[in-house]
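> My questions concern the predicted model and sequence given below.
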Amino acid sequence: MHLPQHQQMLREAGKHGGIAAVMKIIEQENSAALHVETGERETLSQRVFLHQPARDIPMKGFVKHVDWAKVEAATRLAQRASGTSAASNSSENTNEACELAADIV
């Protein structure tokens with residue numbers, strides 16, 4: 001995910017030398033926000049989409065159905081197990097809960 005200042009830079013790319021220049025800055029300052037397209041650290045094939053993409057692209061799958069009651073229950077269990085509140089729950093716990101409750105094709 002892009003940091004707020006990088007989101008703003010992308011919106012105002014013309015002021016910062018264009019999209020290519022902004023992407024270079026983002027790559028230097030927050031490389032985790034960008035997918036690795038090739039090599040052993042490639043990340044594109046691990047993406048899960050909410051809807052089936054219209055074209056053939058690298059991905060792990062797409063969500064066919066989400067049981068939101070299961071998401072809520074799994075999130076509560078994860079929060080209890082990690083001792084966090086809903087406000088401080090990590091995105092990793094939420095992602096794991098969604099994977100449990102979603103039918104990924």
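Here it is on my side, so go on. This is a predicted model, so every value here is computed, not measured.
> Quick one: mean pLDDT for the lengthiest helix in the chain?
The helix that spans the most residues within the chain, counting by DSSP state H, is helix 68-82. Mean pLDDT, helix 68-82: 80.
> same question, stretch 51-63
82.
> So which bits of that stretch are buried?
Across stretch 51-63, burial judged by 16 or more other CB atoms under 10 Å covers 62-63. (C-beta placed from N, C-alpha, C; glycine too.)
> Just the C-alphas of that stretch, formatted as CSV.
Output of stretch 51-63 as CSV, limited to C-alpha atoms (Å, rounded to 0.1, in the frame of the first residue of the first chain):
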residue,chain,number,x,y,z
HIS,A,51,-13.7,-10.2,-8.7
GLN,A,52,-12.4,-12.3,-11.5
PRO,A,53,-10.1,-10.2,-13.7
ALA,A,54,-11.2,-9.7,-17.3
ARG,A,55,-7.8,-10.7,-18.7
ASP,A,56,-5.3,-13.4,-17.9
ILE,A,57,-2.9,-12.0,-15.3
PRO,A,58,-0.6,-13.6,-12.7
MET,A,59,-2.7,-14.2,-9.5
LYS,A,60,-3.4,-16.7,-6.8
GLY,A,61,-7.1,-16.5,-7.4
PHE,A,62,-10.3,-14.5,-7.0
VAL,A,63,-13.0,-14.4,-4.4
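> just how off-centre is that stretch within its chain?
Distance of stretch 51-63 from its chain centroid, counting by CA atoms, centre = their mean, to the nearest Å, is 14 Å.
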